[in-house]
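Asks: Here is my input, please return the structure:
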Amino acid sequence: MLFRSPYLVAAGNHELDRGINLEARNNFVEFMGEAPGTLFQRDRLWYRKDAPGLRILFLNTNEWIYGPGEKLPAHRTRQLAWLSSQMAEDFDGITIVAMHHPIVVSNKKHRGEAARMWSVRWNNETLAGMFARGGVDLVITGHTHTYERFRITSPSGESFQHVNLSGRPRNTFLWFGAGARRAQDIRGKELEYHLRMGWRREDLEGWQLEQLDGMFEDEQNQWGELTVYQDGRVEMEVFFLVDEGAGGYASRGRFPI
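Replies: You can find the predicted model right below:
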């Protein structure tokens, strides 16, 4: 079924050399080809794809984490304006956001970047606020190289799941290895943890963070498979390699979105 489907990517730091390198941007645009549509260009690396009852928004979070460089003007507000307009649409279906940098994490590495992502805002509304307002059901992220799943609920009661699926970290080298990327079990103290680790209190006021699952004990390459049913239900199943890939794979379980 998927043989002729395009390979869709949310731009990450490795694809774009942190978004600064123009050659990397050109290469990424060439790789993506016609799949993202005609508006997709080297200074507009975000796009939307639709299927019956489903819309997927692909964001370029490099713009909000790294500097633009001398040769590349900043386009951070243009993407935020586009995202805000997408969230204002009256869409009756499942909405998925695919983006590289997470907005919540429990591991040691990349906490500062995740805190900065949570604070990104447009018209005084954070990314999480836009996702909640726009009826987002699932946010898929990468960057941290570990599996972790949260439920994020806004002060007014809208909620979405935030799932990090990004493979296995490299072996430990000094502090910056597998252990630094490993998810920490912070269930029951999620808000306290994020406040202590640098998230701004005013940005988290009224929000609920629930850590639902994570690879706390080990790191393995993992991926998620989504099933969209005709009645509109969506389920995700998380798989991971066992025996360093030599012994096949196992399921970590299915859960509704």
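
Asks: My guess is residue 127 contacts residue 104. True?
Replies: No. Between residue 127 and residue 104 there is no contact under C-beta atoms under 8 Å: 10.9 Å. No exception for glycine: its C-beta is placed from N, CA and C like everyone else's.

Asks: if I look at the two, which residues touch both of them?
Replies: Residues touching both residue 127 and residue 104 (C-beta atoms under 8 Å, 6 or more residues apart in numbering): residue 118.

Asks: wait, what's in contact with residue 59?
Replies: The neighbours of residue 59, taking C-beta under 8 Å, 6+ apart as the test, are 10, 46, 79, 83, 97, 98, 99, 100.

Asks: separation between the closest residue to residue 225 other than its chain neighbours and residue 226?
Replies: Nearest non-adjacent residue to residue 225, counting by C-beta to C-beta, 6 or more residues apart in numbering: residue 237, 5.1 Å away. Noted for residue 237: a distance of 8 Å to residue 226, by C-beta to C-beta, to the nearest Å.

Asks: as a whole number, average confidence for stretch 208-227?
Replies: Stretch 208-227 comes out with an average pLDDT of 90.

Asks: centre of the chain versus that stretch, how much separation?
Replies: Between the centre of stretch 208-227 and the centre of its chain there are 13 Å (C-alpha atoms, centre = their mean, to the nearest Å).

Asks: Repeat that for stretch 100-109.
Replies: Put simply, stretch 100-109 sits 9 Å off its chain's centre (C-alpha atoms, centre = their mean).

Asks: quick one, strands of this structure?
Replies: 47-51, 54-58, 94-98, 121-122, 125-126, 138-141, 148-153, 159-164, 208-214, 222-228, 234-241, 249-256 (DSSP state E).

Asks: closest one to residue 182 among those?
Replies: Nearest of the strands of the chain to residue 182, taken as C-beta to C-beta: strand 208-214 at 8.7 Å.

Asks: which residue packs closest to the residue sitting nearest the centre point of the chain, ignoring adjacent ones?
Replies: By C-alpha atoms, centre = their mean, the chain has its centre lying nearest to residue 141, at 2.2 Å. Once flanking residues are discounted, residue 141 sits nearest to residue 102: 4.0 Å by C-beta to C-beta, 6+ apart.

Asks: Check the gap between the residue nearest to residue 47 when sequence neighbours are not counted and residue 46 for me.
Replies: Of all residues not flanking residue 47 in the chain, residue 36 sits nearest, at 3.9 Å (C-beta to C-beta, 6+ apart). Per C-beta to C-beta, residue 36 is found 9 Å from residue 46.

Asks: Residue 222: what's it in contact with?
Replies: Residue 222 is in contact with 147, 165, 167, 168, 215, 238, 239, 240, 241, 252, counting by C-beta under 8 Å, 6+ apart.

Asks: Same check on residue 190?
Replies: Counting by C-beta under 8 Å, 6+ apart, residue 190 touches 104, 106, 150, 209, 210, 211.

Asks: confidence score at the third one?
Replies: Per-residue confidence at residue 150 stands at 98 (pLDDT).

Asks: Numbering from 16 from now on, please.
Replies: OK, 16 is where the count begins now, so the last one is residue 165.

Asks: For it, which non-adjacent residue is closest in space?
Replies: residue 177 (4.4 Å).

Asks: swap in the first one?
Replies: Counting by C-beta to C-beta, 6+ apart, residue 165 is the residue found nearest to residue 119 once chain neighbours are left out, at 5.3 Å.

Asks: That concludes my questions; thank you for your assistance.
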